[in-house]
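Participant: here are the coordinates; sequence isn't available:
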């Protein structure tokens, strides 16, 4: 804008070129417009923060009220929980001794096995809403899962700079670099990254998964355990 | 911010700058030497594009609307000067 003002003065008083003045005026007007438009490039996240905080508070009240805040969530594929896939919080059973039914009804409180105590909560996570908008390919190897996770976290959501997946102990170890949402933590699900990894792996492998994560300032490591499921 | 909002911003800037360039080249091609003719057309183009593409975004719209009224004022000054010139009162008319 300053340059265009200088050019207007130059064209008007020194060179006396109408064309230079006209072109500089266009530049000046364009500069004003771009200045106004660039204000909107700062995203207004406050309304979304208020809404998400309210939802998280409700979830926290529910989970703490039922004393489920230390239970490991089991991420289910859509073939078990329906679409979008949900996470199961078993009230009593140990995750390794789960006897999941092939298809679960879509309720908040669900009877997932044949035992009288096989009751749990079905909760939608960040991974559920991600998968709802995404086609997850059936893959069973680390490069395939890495491709899907990179597409979601790096390219679409832009919440990490890179994702690396290696096979480990019959499951997978996922290394996520530069996790900008590492402080968003929801008990008992963990970070958004753990929720997305758990759900994407469950969906890609078509098997229930459990995740463990370790968070530091520059990266998050998520260990995915695939549950045996007949 | 959503991708669509970025899209409107980009479209607004690209269309407006393209129109300004086309207008400048066309008027220069026909040998127009009145600065107010250029500026009037730039202002009209801004008003048309803003009317078509708004709302651009809450904060941007607030500023773009102020710019619009500023341009309308300049446009009215230019038109008034030309009318006065036609009526024989030549205060100052840009060449």
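Facilitator: Done, it's in. As the structure is a prediction and not an experimental result, all values here were calculated from the model.
Participant: hmm, stretch A:11-18 touching chain B?
Facilitator: Yes. Judged by Cβ under 8 Å from any Cβ of the partner chain, stretch A:11-18 and chain B are in contact via residue A:18. Using the backbone N, CA and C atoms, a C-beta is placed for each residue, glycine as well.
Participant: contacting residues around that stretch?
Facilitator: For stretch A:11-18, the surrounding residues in contact (Cβ atoms under 8 Å, 6 or more residues apart in numbering or on different chains) are A:19, A:20, A:21, A:24, B:33, B:34, B:35, B:95.
Participant: Tell me the one of those residues nearest residue B:66?
Facilitator: residue A:24 (21.8 Å; Cβ to Cβ).
Participant: out of everything not next to it in sequence, what's closest to that closest one?
Facilitator: The shortest distance from residue A:24 to any non-neighbouring residue, by Cβ to Cβ, 6 or more residues apart in numbering or on different chains, is to residue A:7 (3.7 Å).
Participant: same thing with residue B:20?
Facilitator: residue A:26 (4.2 Å).
Participant: again with residue A:120
Facilitator: residue A:90 (4.2 Å).
Participant: Can you check what pLDDT the model gives that neighbour?
Facilitator: pLDDT for residue A:90: 85.
Participant: residues near it, how many?
Facilitator: 23 (other Cβ atoms under 10 Å in any protein chain shown).
Participant: Okay, now the unreliable bits of chain B?
Facilitator: Across chain B, the stretches falling below the confidence threshold (pLDDT under 70) are B:1-6, B:58, B:90-95.
Participant: How about the residues of it by chain A?
Facilitator: Counting by Cβ under 8 Å from any Cβ, chain B sits next to chain A at B:1, B:5-6, B:9, B:12-13, B:16-17, B:20-21, B:23-24, B:27-28, B:33-35, B:38-39, B:42-43, B:46, B:56-60, B:63-64, B:67, B:71, B:95.
Participant: picking that back up, quick check on the contacts of stretch A:11-18: which are buried?
Facilitator: A:19, A:20, A:21, A:24, B:34, B:35 (16 or more other Cβ atoms under 10 Å in any protein chain shown).
Participant: and the gap between the fourth one and residue A:105?
Facilitator: Meaning residue A:24. Distance check for residue A:24 against residue A:105: by Cβ to Cβ, to the nearest Å, it reads 69 Å.
Participant: And for the last one?
Facilitator: Look at residue B:35 and residue A:105: by Cβ to Cβ, they are 74 Å apart.
Participant: cool, and the third one?
Facilitator: In this view, residue A:21 and residue A:105 are 74 Å apart by Cβ to Cβ.
Participant: what do you get for the first one?
Facilitator: Between residue A:19 and residue A:105 the distance is 74 Å, computed by Cβ to Cβ.
Participant: With the second one instead?
Facilitator: Distance, residue A:20 to residue A:105, by Cβ to Cβ: 74 Å.
Participant: low pLDDT regions in chain A?
Facilitator: A:40-44, A:93-98, A:101, A:229-230.
Participant: all strands in it, in order from the N-terminus.
Facilitator: Taking DSSP state E as the criterion, chain A contains strands spanning A:74-75, A:87-90, A:109-111, A:119-123, A:162-168, A:171-177, A:185-186, A:190-191, A:209-215, A:219-226.
Participant: Tell me which of these sits most buried.
Facilitator: Compared across the strands of chain A, strand A:74-75 shows the largest average neighbour count, a mean of 28 (mean count of other Cβ atoms under 10 Å in any protein chain shown).
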